[in-house]
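Colleague: predicted model, plus sequence, below.
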Amino acid sequence: MLAAITASTATAVPLLSAASAAAEDRHGDLLYVGTWGKNQVHAIRFDPVRGTMAALGAVAEVSSNWVAVHPTRPVLYVAGGEQGGFIRAFRIDDMSGALRRTGEIQTEAVPSGSGGLSYIGLDADQDTLLVADFATGSAATVPIRPDGGLGAVVSSVQDTGSGPNPRQAGPHTHHVVIDPSRRFALVADFGADRVFVRAYDRTTHRLSVDMRADAPGSYATAPGSGPRRLAFHPQGRTVYLLNELTADIQVLSWDARTGVLTPRQLLTTNAPGHVGPTSAAELALSRDGRHVYASNRGDNALVAFSVDPRTGLLTETQRLPCGGVTPWSFTMHPGGRWLFVANEASGTVNLFRVHPGSGHLTDTGTSVAVPNPDCVAVRS
């Protein structure tokens, strides 16, 4: 176990001036944007009624490989890219969008020698932060206090394995999700070409490797596929897996009694006749579970799929440009009507409208300049 580093309220980072904050429209939501390699977090004011975005600029000077907002508390969590696996917590000023640092933890007992947390996110109980450490190939859990503050790391489980791609010399954890039964954690490992199934105790917030002979182990993807993202269908029996290096989506059956994944469908996200680099990046479902979305960095495209309500299988229904270059990730607005795309190479966050019936996306033409955006978190 690693102790939490003492919270430092003296390290306040409200980069918004009082004058600029007063000038901003204080109605609407806040978007917090991580920046790849730029050591900043940017904020955007979003009006979900009018569909407008207004840049608030940099609100924190900190490494930000990934950002996540607490669903009910005014707290932003920021995962760093430096050695040590640092996560910082910030108090959000809803009026101005400014941030004040309130805590910091180090998730690696022994620094890996190369930085890189690839994902942080809260579980459905909103009391555990799930951590994917790309550099070490491990998954960790951090309890969240009632006020949204960070506890100490309570578990860290090491992946094993490698793949044929030069980027797969060892395990590289990319995503962690808890299954609907709250008994298992699924860990997508880019380097090992595996989805590891770990035991999860929602009371202690712990991940563990079950050593029983009949315990679930892992699901093997195709060699060189590079598992990146996982998403459960709301009915809890289907899992969607996005592979980065082969840019395809797998539909998997999930048995919550045994913790076993079984393959059912494989679809590419590449355009017909695709040439050049192949790279898929982000995956999400609509709130009603009727549509699945993915981003393709090789084609600079967004791809939409309809979900068969009986089987959970997918059919591609739309493919459109992402509005920029290198759609590193995207985020669905909690209301379900909007989608924000972090186009990393072109330096923009682009706004798309989501049709409530068909699930089709429409580029609104609205965007905000942010240096190398890698992810967007919504405070609504």
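Modeller: Happy to help now that I have it. Please read these numbers as outputs of a predicted model, since none were measured by experiment. Numbering: from 1, shown residues only.

Colleague: nearest to the spatial middle of the chain, which residue is it?
Modeller: Tyr119 (5.4 Å; C-alpha atoms, centre = their mean).

Colleague: ok, how many other residues are close to Ala369?
Modeller: 11 (other C-beta atoms under 10 Å). Where you see a C-beta, it was placed from the backbone N, CA and C, and this is true even at glycine.

Colleague: show me what it bridges to in the sheet.
Modeller: Judged by DSSP bridges, the bridge partners of Ala369 are Thr348.

Colleague: ok, it touching Gly347?
Modeller: Yes: if you go by C-beta atoms under 8 Å, Ala369 and Gly347 touch, sitting 5.9 Å apart.

Colleague: ok, now which ones touch the residue nearest to the centre of the chain?
Modeller: Neighbour list for Tyr119: 66, 79, 130-132, 174-176 [criterion: C-beta atoms under 8 Å, 6 or more residues apart in numbering].

Colleague: columns secondary structure, distance to Pro272 and neighbour count on top of these, output as a markdown table?
Modeller: Converted to a markdown table, the contacts of Tyr119 look like this (DSSP: H, G, I helix; E, B strand; the rest coil; distance: C-beta to C-beta, whole Å; neighbours: other C-beta atoms under 10 Å):
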| residue | secondary structure | distance to Pro272 | neighbour count |
| --- | --- | --- | --- |
| Trp66 | strand | 32 | 23 |
| Ala79 | strand | 36 | 27 |
| Leu130 | strand | 36 | 23 |
| Val131 | strand | 38 | 28 |
| Ala132 | strand | 32 | 28 |
| His174 | strand | 27 | 23 |
| His175 | strand | 28 | 25 |
| Val176 | strand | 34 | 28 |
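
Colleague: can you redo these as JSON lines, where the extra columns are distance to Arg257 and pLDDT?
Modeller: Shown next, in JSON lines, are these (distance: C-beta to C-beta, whole Å; pLDDT from 0 to 100):
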{"residue": "Trp66", "distance to Arg257": "32", "pLDDT": "98"}
{"residue": "Ala79", "distance to Arg257": "33", "pLDDT": "98"}
{"residue": "Leu130", "distance to Arg257": "22", "pLDDT": "98"}
{"residue": "Val131", "distance to Arg257": "27", "pLDDT": "98"}
{"residue": "Ala132", "distance to Arg257": "26", "pLDDT": "98"}
{"residue": "His174", "distance to Arg257": "27", "pLDDT": "98"}
{"residue": "His175", "distance to Arg257": "23", "pLDDT": "98"}
{"residue": "Val176", "distance to Arg257": "21", "pLDDT": "98"}
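
Colleague: out of the residues you listed, which one sits closest to Glu104?
Modeller: For the contacts of Tyr119, the residue nearest Glu104 by C-beta to C-beta is Ala79; the value is 11.5 Å.

Colleague: just to check, that closest one is in contact with Ala89?
Modeller: No: look at Ala79 against Ala89 with C-beta under 8 Å: they stay out of range, at 11.0 Å.

Colleague: what's near enough to touch the nearest residue to Leu99 once chain neighbours are set aside?
Modeller: Among residues not flanking Leu99 along the chain, Phe90 sits closest, at 4.0 Å (C-beta to C-beta, 6 or more residues apart in numbering). Phe90 makes contact with 13, 41, 60, 75-78, 99-102 under the criterion C-beta under 8 Å, 6+ apart.

Colleague: go again using 7 Å as the cut-off
Modeller: Neighbouring residues of Phe90 by C-beta atoms under 7 Å, 6 or more residues apart in numbering: 60, 75-76, 78, 99-102.

Colleague: what helix or strand is it on?
Modeller: Using DSSP states H and E, Phe90 sits in strand 86-92.

Colleague: ok, back up a step: need the contacts of Tyr119 in JSON lines with distance to Leu267, can you?
Modeller: Output for those, formatted as JSON lines (distance: C-beta to C-beta, whole Å):
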{"residue": "Trp66", "distance to Leu267": "26"}
{"residue": "Ala79", "distance to Leu267": "30"}
{"residue": "Leu130", "distance to Leu267": "26"}
{"residue": "Val131", "distance to Leu267": "29"}
{"residue": "Ala132", "distance to Leu267": "24"}
{"residue": "His174", "distance to Leu267": "20"}
{"residue": "His175", "distance to Leu267": "19"}
{"residue": "Val176", "distance to Leu267": "24"}
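
Colleague: low-confidence ranges in this structure?
Modeller: Residues of the chain meeting the criterion pLDDT under 70: 1-27, 112-115, 211-215.

Colleague: let's see 90
Modeller: Scanning the chain for pLDDT under 90 picks out 1-27, 83, 109-116, 209-217.

Colleague: which residues in it form helices?
Modeller: With helices called from DSSP state H, the chain shows them at 18-23.

Colleague: out of the contacts of Tyr119, which comes closest to Ser358?
Modeller: Distance to Ser358, by C-beta to C-beta, is smallest for His175 among the contacts of Tyr119, at 27.8 Å.

Colleague: which ones are touching Gly151?
Modeller: 4, 142-145.

Colleague: and it, how close does it get to Ala139?
Modeller: Going from Gly151 to Ala139 by C-beta to C-beta, to the nearest Å gives 17 Å.

Colleague: count the neighbours of Ala124 for me.
Modeller: For Ala124, using other C-beta under 10 Å, the count is 14.

Colleague: show the contacting residues for it.
Modeller: Taking C-beta under 7 Å, 6+ apart as the test, what Ala124 contacts is Ile178.

Colleague: against Val177, how distant is it?
Modeller: Counting by C-beta to C-beta, the gap from Ala124 to Val177 is 10 Å.

Colleague: what's the answer for Phe352, then?
Modeller: 24 Å.
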